[in-house]
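Enquirer: okay, predicted coordinates and the sequence, questions at the end:
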Amino acid sequence: MSALLAADVNVAQNVGFYIIAAVMVFGAFRVVTGSNVVHAALWLVVVLGGVAAQYVLAAAEFVAISQVMVYIGAVMVLFLFGIMLTRATIGAEADLNNTNWKIGIPVAVLLGATMIWVIVDEYRGSVLEAPDAPMPTEAISDVFLREGLVPFLALSFVLLAAAIGAIVLARKD
Amino acid sequence: MFAVNFLVLAAVLFALGVFGVIARRNAVMVLMSIELILNSVNLNLIAFAMMNGSPEGHVFALYVIAVAAAEVGVGLAMVLMIYRNRRSIALDELSAMKG
């Protein structure tokens, strides 16, 4: 805790981060362990909203707004429609997990522990100074329309192809 | 704000998402776990952008958001097609291509 009191650390920002992070981790845990598909989708909304809040804390307002619009606005509606159209039972389901789902526990623990160990080893003590202002949207759009123009156009084709592909796949005949 | 904060949170979300992909049997739940993984990557990108003070990380995060939206659209269309043909979206029953 003494590190939190250093002069160059914004305590309020850190406390906000920890509160949101706790809610997000709990929500993500419920997403992957819950027995009700609709509840899992709603917990996923909590996680995605928490991610948007972390973006605001990290001075990334434009990405936060995009996150809210695309994920919470569009992707979650798609998920709820997908659940509604594919699910027979309402309420908890018994067989949401594979028979050998326990293999996932050591894999996830090993993966997470390795990553956390490496991250803490590399970045221990390094402090991000809080930016004075949020990242200006002009800067983001400049990158999009200069260095990132070709991937940006390619991305529009990806979205077009995905839309056409989704229509073709989901058609009745 | 410590650099470790964002990166460790993203690592935890990533591990939980990987657990979901391995453990879940319902195809829609697997897609949700993939969303968790993609969001953890985005958190990392934003944290690195904050470290460098450059907008490139934000641009990459926006690319990832767009690709994730396309992925969910196509993925759910495939799940609907499988459900229509087999009346089930349990992934362990989809063994038609098993060698």
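Expert: Sure thing, it's come through. Bear in mind that the values here come from a model prediction, so they are computed numbers and not experimental data.

Enquirer: isn't B:G57 right up against B:F48?
Expert: Yes. Using C-beta atoms under 8 Å as the test, B:G57 is close enough to B:F48 to be in contact (5.1 Å). Backbone N, C-alpha and C define where each C-beta goes, glycine included.

Enquirer: between the two, who's got more neighbours?
Expert: Relative neighbour count places B:G57 above the other of B:G57 and B:F48, with 25 against 17, counting by other C-beta atoms under 10 Å in any protein chain shown.

Enquirer: skipping its backbone neighbours, what lies nearest that one in space?
Expert: In space, and not counting its chain neighbours, B:G57 is closest to B:A49: 2.6 Å by C-beta to C-beta, 6 or more residues apart in numbering or on different chains.

Enquirer: now do A:A28
Expert: Once flanking residues are discounted, A:A28 sits nearest to B:L16: 4.5 Å by C-beta to C-beta, 6+ apart.

Enquirer: show me what contacts that neighbour?
Expert: A:V25, A:A28, A:F29, A:V31, A:V32, A:A108, A:G112, B:S33, B:L36 (C-beta atoms under 8 Å, 6 or more residues apart in numbering or on different chains).

Enquirer: C-alpha coordinates for the one helix or strand it maps to, PDB please?
Expert: Under the criterion DSSP states H and E, the helix or strand holding B:L16 is helix B:3-23. As requested, the backbone C-alpha atoms of helix B:3-23 are provided in PDB (Å, rounded to 0.1, in the frame of the first residue of the first chain):
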ATOM      1  CA  ALA B   3       1.300  -0.200 -15.700                       C
ATOM      2  CA  VAL B   4       0.900  -3.500 -14.000                       C
ATOM      3  CA  ASN B   5      -2.800  -2.800 -13.300                       C
ATOM      4  CA  PHE B   6      -4.100  -2.900 -16.800                       C
ATOM      5  CA  LEU B   7      -1.800  -5.700 -17.900                       C
ATOM      6  CA  VAL B   8      -2.700  -8.000 -15.000                       C
ATOM      7  CA  LEU B   9      -6.400  -7.400 -15.400                       C
ATOM      8  CA  ALA B  10      -6.100  -8.200 -19.100                       C
ATOM      9  CA  ALA B  11      -4.200 -11.400 -18.300                       C
ATOM     10  CA  VAL B  12      -6.900 -12.500 -15.900                       C
ATOM     11  CA  LEU B  13      -9.700 -11.800 -18.400                       C
ATOM     12  CA  PHE B  14      -7.700 -13.700 -21.100                       C
ATOM     13  CA  ALA B  15      -7.300 -16.700 -18.800                       C
ATOM     14  CA  LEU B  16     -11.000 -16.700 -17.900                       C
ATOM     15  CA  GLY B  17     -11.800 -16.500 -21.600                       C
ATOM     16  CA  VAL B  18      -9.600 -19.400 -22.500                       C
ATOM     17  CA  PHE B  19     -11.200 -21.500 -19.700                       C
ATOM     18  CA  GLY B  20     -14.600 -20.700 -21.200                       C
ATOM     19  CA  VAL B  21     -13.500 -21.700 -24.700                       C
ATOM     20  CA  ILE B  22     -12.200 -25.000 -23.300                       C
ATOM     21  CA  ALA B  23     -15.000 -25.800 -20.900                       C
END
